[in-house]
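A.B. asks: whatever this is, show me its structure:
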Amino acid sequence: MQLLANIEKMNYQKLALIILTLLTTKTGFGQREGCFDYTIDFEESYCIDQLKIDTISDTNNVWQIAQPQKTILNSTKNGNYVIITDSAQVYPSHDTSIFVVKNPAGGGFVWPHTAGLHGYYWANSDTLNDFGEIEFSPDNGNTWINLITDTVYNDNYYWWGEKPTLTGNSNGWKKFDVSLSDLGYVFNIDYTDTIQYRFTFVSDSIQDSLGGLMYDLLYFEDWAEGINDVSSNSFNIEISPNPAQEFLRVSCMEDSPSISQIRIFNIQGSLIKSSNLNDSKTFQLSTIELESGVYLLEVTSSKPGLTSRKLLIKN
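C.D. replies: Predicted coordinates for the structure are as follows:
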C-alpha cells in the first residue's frame, strides 16, 4: 500500500542576571506548535506537509512514500513506510528525481546553537554513475550547498561519523548526522527564514536494474536553550550597525525612556562587556575587542524596563 505518493533546549536559563523567558523545551517555538525540530518517520502525518514530492513539473519523479518491496531494498528502519525511489520497480535510467523539505528557521540556526539533519539511508545503485545528493539552502532556494561534495562552506558544517555514501551498495541501513548550525551565522539566518533540504537521486543512461535509494527517520534538528529576543517592560531602541565590527550605536526612540545601562553577553550567558550611562538617548560602544560571533545585547532604561536583542559581531 502506497502512502501519500504526492505530498507537496534546553531549559534556557537566565543569562547571568538577565531576565529572559524560559522557552519551550528543545525548541523556542514549541515542538507541537510549529515544525522546527521534528522527525519525519513516514508513519504519521505530523509535519509531513513540510515535505514536497514534485510530480507536477516532474511527472516522472520516482520518489514515493511507501512500503519497500524490492529485492534488495526490502525493509524499513522503523515502522512500515520509507521514502524510496519507487517502492517496487527498479529505478529508471537517465532520471533525476527530487524531494524537498522546507522549514522555518528556529533558534538553532539563529544564534547559532544546535541545528542539523540526521537520519538513515540505504543505497543500491551503480557505483558513482548513479548517486544521491543532499543539499541545504539557507535562503529559500537562492543558494544551494551540496553537503556531500561542497568545498566552499565545508568548514562551517561537519559530519558526525562517516559522510553518507549515496551510491553503490550500502549493504543495509546506514546512519548519517550533519551539524549545520554555523551556517546560520555565515548566512545571517533569522527566525522563520525559510531553509530547505533537497534530496536528489540521479541515474545515467544505462539501465542497471537496481533498487536505488531510500531514507527513513529524517530528523530536522533546530533548537537553542531559550536564547531569543525577549523584553520585560520593553522600550523601543535601534542598534546599528548589526552585524557590528569596530563599534555599535544604540539609540532610543523619541517616545522611549533614556538608557541607563548596556550589557553584552555571549551565548553561554557570560557577561562580556558592560557600560553604565547617565540617562543617555544615544550611546556608542566599542566592539573591536569582541570576537566574531553571536551575542545578546541587553539595554536597561532609566525607568523600569529591559530590552534584549541578538547582536552579530564580524571582526
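A.B. asks: is it true that residue 311 lies in a strand?
C.D. replies: Yes. Secondary structure of residue 311 (DSSP: H, G, I helix; E, B strand; the rest coil): part of a strand.
A.B. asks: can you classify the residue lying farthest from the centre of the chain as helix, strand or coil?
C.D. replies: In the chain, the greatest distance from the average C-alpha position (Cα atoms, centre = their mean) is reached by residue 278, at 41.5 Å. Using three-state DSSP, the structure places residue 278 in strand.
A.B. asks: measure the nearest residue to residue 313 once chain neighbours are set aside to residue 250 for me?
C.D. replies: Closest residue to residue 313 apart from its sequence neighbours, by Cβ to Cβ, 6 or more residues apart in numbering: residue 290 at 4.7 Å. In short, each C-beta sits where N, CA and C put it, glycine included. Residue 290 sits 15 Å away from residue 250, going by Cβ to Cβ, to the nearest Å.
A.B. asks: and what of residue 169?
C.D. replies: Taken as Cβ to Cβ, the span from residue 169 to residue 250 is 59 Å.
A.B. asks: name the residue in these two with the higher neighbour count.
C.D. replies: Neighbours of residue 169 and residue 250, each counted by other Cβ atoms under 10 Å, are more numerous for residue 250; the result is 22 against 15.
A.B. asks: so what's the residue count around residue 92?
C.D. replies: Residue 92, neighbours per other Cβ under 10 Å, totals 14.
A.B. asks: just residue 285 next, same as before
C.D. replies: 18.
A.B. asks: confirm it sits in a strand?
C.D. replies: Yes. Under three-state DSSP, residue 285 sits within a strand.
A.B. asks: next one: it, what pLDDT does it get?
C.D. replies: At residue 285, the pLDDT value in this model is 88.
A.B. asks: list the contacts for the residue lying closest to it once chain neighbours are set aside?
C.D. replies: Sequence neighbours aside, residue 248 is the residue nearest to residue 285 in space, at 4.8 Å (criterion: Cβ to Cβ, 6+ apart). Residues in contact with residue 248 (Cβ atoms under 8 Å, 6 or more residues apart in numbering) are 239, 240, 241, 242, 284, 285, 286, 287, 297, 311.
A.B. asks: show me the strands in the stretch 101-250 of the chain, by range?
C.D. replies: Taking DSSP state E, counting those that start in this stretch as the test, the strands found in the stretch 101-250 of the chain are 114-124, 131-137, 145-146, 158-160, 174-179, 194-202, 212-223, 231-232, 237-240, 247-252.
A.B. asks: dump those to a markdown table, plus mean pLDDT and distance to residue 43.
C.D. replies: A markdown table is the format used below for those (pLDDT from 0 to 100; distance: least, Cβ to Cβ, whole Å):
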| stretch | mean pLDDT | distance to residue 43 |
| --- | --- | --- |
| strand 114-124 | 96 | 14 |
| strand 131-137 | 98 | 22 |
| strand 145-146 | 98 | 29 |
| strand 158-160 | 94 | 25 |
| strand 174-179 | 97 | 18 |
| strand 194-202 | 98 | 19 |
| strand 212-223 | 95 | 10 |
| strand 231-232 | 46 | 41 |
| strand 237-240 | 84 | 46 |
| strand 247-252 | 87 | 49 |
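A.B. asks: follow-up on the earlier one: doesn't the residue nearest to residue 313 fall inside a strand?
C.D. replies: No. Per three-state DSSP, residue 290 lies outside any strand segment and is coil.
A.B. asks: so it touches residue 264, yeah?
C.D. replies: Yes. Under the criterion of Cβ atoms under 8 Å, residue 290 is in contact with residue 264, at a separation of 7.4 Å.
A.B. asks: test my guess that residue 253 contacts residue 237.
C.D. replies: Yes. Assessed by Cβ under 8 Å, residue 253 is found in contact with residue 237 at 7.0 Å.
A.B. asks: leaving out chain neighbours, which residue sits closest to residue 273?
C.D. replies: residue 264 (4.3 Å).
A.B. asks: neighbours of the one you found, how many?
C.D. replies: Residue 264 - counted by other Cβ under 10 Å - has 20 other residues nearby.
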